[in-house]
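Participant: Just to be clear, the model below is a prediction. Sequence and coordinates:
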Amino acid sequence: MNDRNQLACLAMKKPTPGIRRYYYYYYYYYYYYYYYYYYYYYYYFYYYYYYYYYYYYYYYYYYYYYYYYYYYYYYYYYYYYYYHYYYYYYYYYYYYYYYYYYYYLFPGFYFFSDNSKSKSEQCLQRSDQFPAKFR
């Protein structure tokens, strides 16, 4: 065995302080390399976890947005329908009011109001509303 191999063998058996220091720093950085490597993947999956977490809640609130959106339009058309419902009832009573308005203003209008009675019965029934010269 030559001198070079003997020195290498001796260095492996009893490392010098410089070699010991070298291996210490080597494993030190090796440890921290895997530490940050693990840390990196930890935050990588942590990031993706929260990415899909907020992605899920994004569609969750997106769904509820459209749910209340159609819910809003459902009640919009619901009240729109009832608006026109009362709108037509307003006009119903409006013309109903004018019907009685003309009924009392023009007694002859009565003849067109009740078809269940004959015109003579209506005339006799409402004769008190006619002018005296027609009584």
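Facilitator: The structure has been received and is ready for your questions. Quick caveat, the model's predicted, so the values are computed rather than measured.

Participant: For Tyr64, what are phi and psi?
Facilitator: phi -70, psi -30 (degrees, to the nearest 10).

Participant: swap that for Tyr46, please
Facilitator: phi -60, psi -40.

Participant: what about it, distance to Tyr40?
Facilitator: Computed as C-beta to C-beta, to the nearest Å, the Tyr46 to Tyr40 distance reads 10 Å. For glycine as for every other residue, the C-beta is placed from the backbone atoms N, C-alpha and C.

Participant: do Tyr70 as well
Facilitator: In terms of C-beta to C-beta, Tyr70 sits 45 Å off from Tyr40.

Participant: Which parts of the chain are helices?
Facilitator: For the chain, the helices defined by DSSP state H cover 3-13, 17-105, 119-125.

Participant: In the chain, where is pLDDT below threshold?
Facilitator: Applying pLDDT under 70 to the chain picks out residues 1-25, 83-86, 100-135.

Participant: neighbours of Tyr99, just the number please.
Facilitator: 14 (other C-beta atoms under 10 Å).

Participant: State the number of residues packed around Tyr82.
Facilitator: 10.

Participant: Then Tyr67?
Facilitator: Neighbours of Tyr67 (other C-beta under 10 Å): 11.

Participant: and it, how far is that from Tyr74?
Facilitator: In terms of C-beta to C-beta, Tyr67 sits 10 Å off from Tyr74.

Participant: distance of Tyr92 from Tyr98?
Facilitator: From Tyr92 to Tyr98 the distance is 11 Å (C-beta to C-beta).

Participant: Give the full set of residues in contact with Tyr64.
Facilitator: For Tyr64, the contact set (C-beta atoms under 8 Å, 6 or more residues apart in numbering) is empty.

Participant: let's have the chain start at 47 instead
Facilitator: All right, first residue 47 from here; so that's Tyr110.

Participant: and it, how far is that from Tyr141?
Facilitator: Tyr110 sits at a distance of 46 Å from Tyr141 (criterion: C-beta to C-beta).

Participant: Thank you, goodbye.
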